[in-house]
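In: how would this look folded up:
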Amino acid sequence: MTHPQLDSIHRLRRHQLLAHREELATAAVEHLGHDLPGADVLFRAVNLVEELIRVEFPATWQEHYVDWLNRDAERLHDAETPRTDVCRICRTAARTVVRDEVAPPHAA
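Out: As a prediction, this is how the structure comes out:
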């Protein structure tokens, strides 16, 4: 018989690992796309989290792995082709440009 509290702990752990994997993968792709230091460290962290998911929740890993690869590849871009729809760095840069263009010049 399965203990309900244990099930909820496992569901929470699974949810946390999936959320952490998504956060790390997003940051890794953004760092890679904008040639920022640390992309390699972030991708290694993604791999470690994926390995934890594979070991602890093999069915979840199998269900999500191909989607992760496709989603990460879909988000790839470089700074010359901004992707404000998928990249926080691009969105921040776009807001900064708009704010600078809208702001009135300062009087000397």
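
In: Which pLDDT value goes with residue 90?
Out: Looking at residue 90, its pLDDT reads 93.

In: my bad, should have said residue 108
Out: For residue 108, pLDDT reads 45.

In: what helices or strands is the helix or strand containing residue 48 leaning on?
Out: If you go by DSSP states H and E, residue 48 is part of helix 39-56. Contacts defined by 3 or more CB pairs under 8 Å, 6 or more residues apart in numbering; DSSP states H and E place helix 39-56 against helix 4-33, helix 58-75. Every residue, glycine included, has its C-beta placed from N, CA and C.

In: what residue ranges in the protein score low on pLDDT?
Out: In the prediction, the chain carries residues with pLDDT under 70 at positions 1-6, 98-108.

In: which residue is nearest the middle of it?
Out: Among the residues of the chain, the one closest to the centroid is residue 26, at 1.8 Å (CA atoms, centre = their mean).

In: Now do that one against residue 58, distance only.
Out: Distance of residue 26 to residue 58, computed by CB to CB, to the nearest Å: 24 Å.
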